[in-house]
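K.L.:
here are the coordinates; sequence isn't available:
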């Protein structure tokens with residue numbers, strides 16, 4: 001997909017890749033697939049070597065987020081780059097990479113000989129699926145799938161997974177990513193906890209937390225004196241998520257949600273732990289925060305683990321406990337966990 005999209009975009013500046021020096025701007029659809037597009041661009045620009053046989057004609061890539069100088073002998077990660085002036089001075093083949101979150105600057109646009117937009121199309125996706133996996137995708141399905149980044153499509157279609165299973169995997173990946181996205185502080189659709197009714201002891205606890213978090217934020221109360229977590233028990237539809245959102249609004253706190261069952265849908269142990277770590281990291285970076293761990297009973301119990309992948313479950317439990325009560329501080333992060341079974 002990436003190579004097809006790059007080749008189509010390069011038709012806007014025919015012959016540029018045959019030159020020994022060029023400055024090109026490339027606008028990509030997202031930050032996730034930058035490495036894939038880099039490889040596609042390198043392939044296209046090395047297919048015709050302007051310096052003759054035996055010469056390396058690989059372009060240098062410049063990202064637009066960190067303008068501090070980096071060592072030229074260290075491999076640069078995405079969005080780490082030299083200043084524009086230094087990049088132009090040192091590299092005669094330069095490609096500036098822009099994304100919606102990190103757009104190409106006006107300075108670079110004025111210098112670049114061309115700026116092209118790389119966007120995979122439905123036809124690119126259909127061709128790639130047919131070549132790589134033997135799937136004939138209908139226009140309707142292809143139109144739905146084209147909204148996903150290439151990295152997720154790669155995971156979904158990995159191995160010999162049937163088309164129906166691949167589509168299900170894409171839904172699970174999207175849900176898992178959405179479940180660990182921090183929510184805005186001012187959730188106007190959710191009333192504050194003070195206006196809620198029917199929560200009994202949970203509401204009483206929450207109102208005390210509202211006062212304590214305010215005192216902590218003002219330096220009047222040490223974090224060790226703030227109640228740092230609660231477990232909500234109740235069947236589906238009893239309002240556990242709404243309670244957590246209302247609590248966050250009353251506290252003036254960031255609401256971060258992590259569904260453990262949806263995070264497990266990522267499949268690989270490393271991916272699941274990465275998802276949980278991301279939720280804790282988002283909460284620590286946006287204090288005060290209410291970190292809502294939904295479907296908490298899904299994480300398991302080390303004393304009653306089944307024979308099915310006990311090592312996996314043990315590592316998940318251990319990793320979660322380390323984040324909740326380990327050596328790394330979580331000042332300003334209150335955990336609200338919810339489950340159906342105690």
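P.N.:
Okay, I see it. Since the model is a prediction, treat every value here as computed from it, not as a measurement. Numbers count the residues shown, from 1 in each chain.
K.L.:
ok, now which ones touch the closest residue to residue 253 other than its chain neighbours?
P.N.:
Nearest non-adjacent residue to residue 253, counting by CB to CB, 6 or more residues apart in numbering: residue 288, 4.2 Å away. Heads up, the C-betas are built off the backbone N, CA and C, glycines and all. Going by CB atoms under 8 Å, 6 or more residues apart in numbering, residue 288 touches 213, 216-217, 251-254, 332-334.
K.L.:
also residue 213?
P.N.:
By CB under 8 Å, 6+ apart, the contact set of residue 213 is 226, 251-253, 288, 334.
K.L.:
at 6 Å what do you get?
P.N.:
Going by CB atoms under 6 Å, 6 or more residues apart in numbering, residue 213 touches 251, 288.
K.L.:
quick check: it vs residue 44, distance?
P.N.:
Separation of residue 213 from residue 44 (CB to CB, to the nearest Å) stands at 54 Å.
K.L.:
quick one, phi/psi of residue 27?
P.N.:
Per-residue torsions, residue 27: phi -100, psi 120 (degrees, to the nearest 10).
K.L.:
now the closest residue to residue 190 other than its chain neighbours: which helix or strand?
P.N.:
Distance criterion CB to CB, 6+ apart; nearest residue to residue 190, sequence neighbours excluded, is residue 245 at 4.3 Å. Residue 245 belongs to helix 240-251 when elements are defined using DSSP states H and E.
K.L.:
and the contacts of residue 288, which is closest to residue 340?
P.N.:
For the contacts of residue 288, the closest approach to residue 340 (CB to CB) belongs to residue 334, at 21.5 Å.
K.L.:
which ones are touching that closest one?
P.N.:
228, 290.
K.L.:
do that again at 10 Å, thanks
P.N.:
Residue 334 is in contact with 206, 209, 212-213, 226-230, 244, 247-248, 251, 253, 283, 287-292, counting by CB atoms under 10 Å, 6 or more residues apart in numbering.
K.L.:
thinking again about what came up before, narrow the contacts of residue 288 to those in helices?
P.N.:
Judged by DSSP state H, these include 213, 216-217, 251 as members of helices.
K.L.:
of these, select the buried ones using a PyMOL command.
P.N.:
Restricted to buried positions by 16 or more other CB atoms under 10 Å, the PyMOL selection for those reads:
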select buried, resi 213+216+251
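K.L.:
who does residue 229 form a beta bridge with?
P.N.:
For residue 229, the beta-bridge partners are residue 335 (DSSP bridges).
K.L.:
is it correct that it is in contact with residue 338?
P.N.:
No. In this structure, residue 229 is not within contact of residue 338 by CB atoms under 10 Å, at 11.7 Å.
K.L.:
so where's the stretch 151-300 of the chain uncertain?
P.N.:
Where the stretch 151-300 of the chain drops to pLDDT under 70, the residues are 175-188, 260-272.
K.L.:
can you give me the strands for the stretch 1-150 of the chain?
P.N.:
Here the stretch 1-150 of the chain has its strands, by DSSP state E, counting those that start in this stretch, at 22-27, 60-63, 93-98, 114-117.
K.L.:
what helices or strands is the first one leaning on?
P.N.:
The reference is to strand 22-27. Here strand 22-27 touches helix 2-10, helix 34-46, strand 60-63, helix 84-90, strand 93-98, helix 106-111, strand 114-117, going by 3 or more CB pairs under 10 Å, 6 or more residues apart in numbering; DSSP states H and E.
K.L.:
got the angle for it vs strand 93-98?
P.N.:
Angle of strand 22-27 versus strand 93-98, following axes from the mean of the first three to the mean of the last three CA atoms, to 10 degrees, is 20 degrees.
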